[in-house]
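Sequence below, structure please.
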Amino acid sequence: MSGRRQPTFVLVHGAFANSFSFAPLQAELGLLGHRSVAVDLPGHGFGATYTRAYQAPQDLEGFAGAPGAIKGVTLADNAAHLIGILERAERHGPVILVAHSRGGITATAAANARPDLIARIVYVAAWCPVDLDVGAYYAEPEMATVDVAALGAAMAGDPAELGLLRVNFRTADPDALAAFKAAFLADGTDEEFLTFLSTFQPDENLDVGAPADRAQAATWGRVPKTYVRLADDASMPLALQDRLIREGDRLTPHNPYDVRTLEGSHLKWLVDPAPAASLLGELAVPLDAMPS
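Numbers count the residues shown, from 1 in each chain. Sure, this is the predicted structure:
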């Protein structure tokens, strides 16, 4: 045996998503010879709640009021779950933690707690709050182009009463569907958009973290990090991605982001994953040569 320890990519999904989102990317990574694990955070994947009311013909009143399993799930729960996976993966070699969108909040919390488990963290148009809490960024100029009201057109139920966020991704409302496509996959075909939309789950938890969950220089700041900018992202604008990069670099000037850019929208890198797989493979090369 060569004594080399093959790195493992641990992939963390965004809001309303799950491990299924990463299947095409994992196929590309596998064909390039890389090992990967796609995570389902608590209340996601087969742990998600799907009610009969959500099925066609939809019972919108019943759907809006049905309880959801993700109620009460916290960022701490997500981080603990992810850390457990990182511990298992790290036994077999270095771990490259890859987070998309809201998954960056969980990845950051895990890196704050256990930087020793992560050889590199990769944010793909992902949240890594430094100066502000996540919710506060929505009031900043970098998010001015995001039409939150349009995206909320398919919201169902009262988050305060349900204890979760619920969206009807199976809506037939053309305005809501147009808003979703513009935000997430404007550069995809209608068929690609509807296929991806069908993988979304209706419920998401409410906890996006507090000041203590922002990136911490003493722990998170020790981990080598890459930020992959998505150049045509409408739901997480490039201006915000660049701001998060600047804030992270100010926090740890001795360990700045390795910045890369992929063309495309928020979801295009997952629909057409070959460029992203090639980029990630480049990041694995130095780790692939590490001795056991």
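
quick one: low-confidence parts of the protein?
The chain contains residues with pLDDT under 70 at 1-4, 288-292.

quick one: the helices in the chain?
Ranges of helices in the chain, per DSSP state H, are 23-31, 60-65, 75-90, 103-113, 134-137, 148-151, 159-162, 174-184, 190-197, 238-251, 268-271, 274-288.

closest one to Val122 among the ones you listed?
For the helices of the chain, proximity to Val122 was assessed by Cβ to Cβ; helix 274-288 is nearest, at 6.7 Å. The C-beta positions use only the backbone N, C-alpha and C, and glycine is treated the same way.

Report the angle between the closest one and helix 23-31.
Helix 274-288 runs at 50 degrees relative to helix 23-31, counting by axes from the mean of the first three to the mean of the last three Cα atoms, to 10 degrees.

re earlier: columns distance to Ala210 and mean neighbour count on top of the helices of the chain, output as JSON lines?
Converted to JSON lines, these look like this (distance: least, Cβ to Cβ, whole Å; neighbours: other Cβ atoms under 10 Å):
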{"stretch": "helix 23-31", "distance to Ala210": "31", "mean neighbour count": "17"}
{"stretch": "helix 60-65", "distance to Ala210": "28", "mean neighbour count": "15"}
{"stretch": "helix 75-90", "distance to Ala210": "8", "mean neighbour count": "19"}
{"stretch": "helix 103-113", "distance to Ala210": "10", "mean neighbour count": "26"}
{"stretch": "helix 134-137", "distance to Ala210": "10", "mean neighbour count": "14"}
{"stretch": "helix 148-151", "distance to Ala210": "21", "mean neighbour count": "12"}
{"stretch": "helix 159-162", "distance to Ala210": "18", "mean neighbour count": "12"}
{"stretch": "helix 174-184", "distance to Ala210": "26", "mean neighbour count": "17"}
{"stretch": "helix 190-197", "distance to Ala210": "31", "mean neighbour count": "15"}
{"stretch": "helix 238-251", "distance to Ala210": "17", "mean neighbour count": "18"}
{"stretch": "helix 268-271", "distance to Ala210": "29", "mean neighbour count": "23"}
{"stretch": "helix 274-288", "distance to Ala210": "30", "mean neighbour count": "17"}
